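*Asks:* sequence-free structure coming up:
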């Protein structure tokens with residue numbers, strides 16, 4: 001019997017399919033990154049895998065395949081805290097203090113797990129910073145976008161995502177542009193109160209093939225920080241390494257990530273062994289190896305700083321509430337309206353003081369827990 005042409009085509013297609021399946025069946029399957037859809041196919045992250053390996057631990061983490069955790073960051077470390085912000089021709093741009101910052105603060109997403117802490121999920125698309133913002137008259141804050149924040153070039157975010165209170169980083173408004181920003185970060189026990197006092201600001205878009213981030217109004221930042229805020233121009237570095245500033249130029253490494261879904265780290269830890277692999281790297285607060293000789297004194301110093309920041313910012317909020325009450329009261333002539341303003345002010349002060357008291361308790365509990373953890377680590381090391 002003579003075979004029809006379409007039958008011959010079908011046989012060829014089935015044969016090719018069978019050959020491909022046989023050749024690939026022993027190779028590990030890697031899911032496509034769900035949030036970087038402007039790159040077709042799977043992400044090739046071999047450069048990330050190799051470069052980041054000396055600075056942290058790769059873990060095989062079910063929902064996201066391979067995730068990376070930096071070493072010696074401490075229990076309270078958060079992404080986008082060791083470095084500072086600049087205003088550039090791509091909007092708010094993070095300048096990291098780490099040699100590996102070019103990768104994890106400009107590509108991919110950050111997630112948090114109670115067991116392993118902060119982890120980075122590789123991504124294909126470069127941005128000046130993958131963060132969203134909050135602000136009010138007193139504070140500026142930002143939070144890393146989670147893995148569920150799906151991005152499509154030319155479209156924006158696809159799907160909904162939540163930012164937990166603990167994921168935010170806040171600083172006093174005048175401190176926003178300071179270098180060494182970590183020293184000015186508020187204890188995260190303050191986050192719940194400030195989140196409810198502030199407004200969410202999200203403004204990420206694209207210019208050509210680049211993402212830009214203008215979540216904070218630059219005029220507002222100029223007013224609060226009293227800085228000129230002349231924009232930096234971004235240049236591409238020819239090799240990976242630390243971000244560099246020179247006059248009005250910022251040089252960052254921004255490679256194009258190619259498509260290949262079969263790569264994986266040369267060395268990684270399975271999920272079952274994550275606790276043992278990470279315990280050493282999570283004990284210490286400092287990031288410099290030379291500081292590891294005196295963990296307890298360094299921890300006490302940082303805790304004293306946090307205690308002072310907590311007290312100063314809480315007092316500032318009460319003072320700001322009084323200031324706004326006096327301004328409104330001076331503008332009102334009717335006595336009944338004045339009494340209502342005072343009643344509202346007293347209720348707000350009471351609520352704020354209750355929140356402040358809860359923050360103090362939480363900070364003391366966390367400080368005690370951290371001190372116990374470091375002490376056990378020091379004893380074990382000895």
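*Replies:* Right, received. Where do you want to start? The shown structure was predicted, so the numbers you read here are calculated from the model rather than taken from an experiment.

*Asks:* need the per-residue pLDDT for the residue positioned nearest the centre of the chain.
*Replies:* Nearest to the centroid of the C-alpha atoms of the chain, with distances taken as Cα atoms, centre = their mean, sits residue 144, at 3.1 Å. pLDDT recorded at residue 144 is 96.

*Asks:* quick check: beta-bridge partners of it?
*Replies:* Beta-bridge partners for residue 144, by DSSP bridges, are residue 131.

*Asks:* quick one: average confidence on the helix ranked longest in the chain?
*Replies:* Secondary structure of the chain read by DSSP state H shows that its longest helix is helix 335-381. Rounded to a whole number, the mean pLDDT of helix 335-381 is 88.

*Asks:* same check, this time on stretch 208-224
*Replies:* 90.

*Asks:* outline the domain layout of the chain.
*Replies:* Taking automatic domain parsing as the criterion, the chain consists of the domains 46-283, 292-381.

*Asks:* which of the ones you listed sits most buried?
*Replies:* Neighbour counts (mean count of other Cβ atoms under 10 Å) averaged over each of the domains of the chain peak at domain 46-283, with a mean of 18. Using the backbone N, CA and C atoms, a C-beta is placed for each residue, glycine as well.

*Asks:* run the chain-centre distance for that domain.
*Replies:* On the basis of Cα atoms, centre = their mean, to the nearest Å, domain 46-283 sits 4 Å off its chain's mean C-alpha point.

*Asks:* and for stretch 364-380?
*Replies:* Mean-position distance between stretch 364-380 and its chain equals 25 Å (Cα atoms, centre = their mean).

*Asks:* residue 88 versus residue 223, what's the distance?
*Replies:* For residue 223, the distance to residue 88 equals 20 Å [Cβ to Cβ, to the nearest Å].

*Asks:* got it, and residue 267?
*Replies:* Separation of residue 267 from residue 88 (Cβ to Cβ): 35 Å.

*Asks:* ditto for residue 149
*Replies:* Using Cβ to Cβ, residue 149 is found at 22 Å from residue 88.

*Asks:* for residue 138, same thing?
*Replies:* According to Cβ to Cβ, residue 138 stands 25 Å off from residue 88.

*Asks:* now swap in residue 191 and tell me
*Replies:* According to Cβ to Cβ, residue 191 and residue 88 sit 27 Å apart.

*Asks:* show me what contacts the nearest residue to residue 239 once chain neighbours are set aside?
*Replies:* Nearest-residue entry for residue 239: residue 253, 6.6 Å, with adjacent residues in sequence omitted and distances by Cβ to Cβ, 6 or more residues apart in numbering. By Cβ atoms under 8 Å, 6 or more residues apart in numbering, residue 253 lies in contact with 102, 236-241.

*Asks:* among those residues, which lie within helices?
*Replies:* Per DSSP H, helices hold the following members of those: residue 102.

*Asks:* adding distance to residue 213, write the contacts of residue 253 out as a markdown table.
*Replies:* As requested, those are exported to a markdown table (distance: Cβ to Cβ, whole Å):
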| residue | distance to residue 213 |
| --- | --- |
| 102 | 16 |
| 236 | 18 |
| 237 | 20 |
| 238 | 24 |
| 239 | 25 |
| 240 | 22 |
| 241 | 22 |
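
*Asks:* let's see which of the contacts of residue 253 end up in strands.
*Replies:* Per DSSP state E, strands hold the following members of those: residue 236.

*Asks:* residue 49: which of the contacts of residue 253 is nearest?
*Replies:* Using Cβ to Cβ, residue 240 comes nearest to residue 49 of these, at 12.7 Å.

*Asks:* look up the closest residue to that closest one, ignoring the ones flanking it.
*Replies:* Closest residue to residue 240 apart from its sequence neighbours, by Cβ to Cβ, 6+ apart: residue 253 at 4.8 Å.

*Asks:* that neighbour and residue 116, how far apart?
*Replies:* Taking Cβ to Cβ, one finds residue 253 at 27 Å from residue 116.

*Asks:* what are the ranges of the helices in the stretch 101-250 of the chain?
*Replies:* Secondary structure of the stretch 101-250 of the chain, counting by DSSP state H, counting those that start in this stretch: helices at 101-104, 191-197, 218-225.

*Asks:* who wins for proximity to residue 76 among those helices?
*Replies:* Among the helices of the stretch 101-250 of the chain, the nearest to residue 76 by Cβ to Cβ is helix 191-197 (12.3 Å).

*Asks:* now do the closest one: which elements does it pack against?
*Replies:* strand 139-144, helix 335-381 (3 or more Cβ pairs under 8 Å, 6 or more residues apart in numbering; DSSP states H and E).

*Asks:* could I get the ones you listed as JSON lines with distance to residue 182?
*Replies:* Converted to JSON lines, the helices and strands packed on helix 191-197 look like this (distance: least, Cβ to Cβ, whole Å):
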{"stretch": "strand 139-144", "distance to residue 182": "13"}
{"stretch": "helix 335-381", "distance to residue 182": "16"}
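
*Asks:* closest to residue 248 out of those?
*Replies:* Residue 248 lies closest, by Cβ to Cβ, to one member of these: strand 139-144, at 22.3 Å.

*Asks:* angle of that closest one against helix 218-225?
*Replies:* Angle, strand 139-144 to helix 218-225, by axes from the mean of the first three to the mean of the last three Cα atoms, to 10 degrees: 130 degrees.

*Asks:* show residues contacting strand 139-144.
*Replies:* With contacts defined as Cβ under 8 Å, 6+ apart, strand 139-144 is touched by 79-80, 109-110, 129-135, 163, 167-173, 176, 186, 194-195, 197-198, 215-216, 221, 224.

*Asks:* of the residues you listed, which belong to strands?
*Replies:* The members of the contacts of strand 139-144 that map onto strands under DSSP E are 109-110, 131-135, 169-172.
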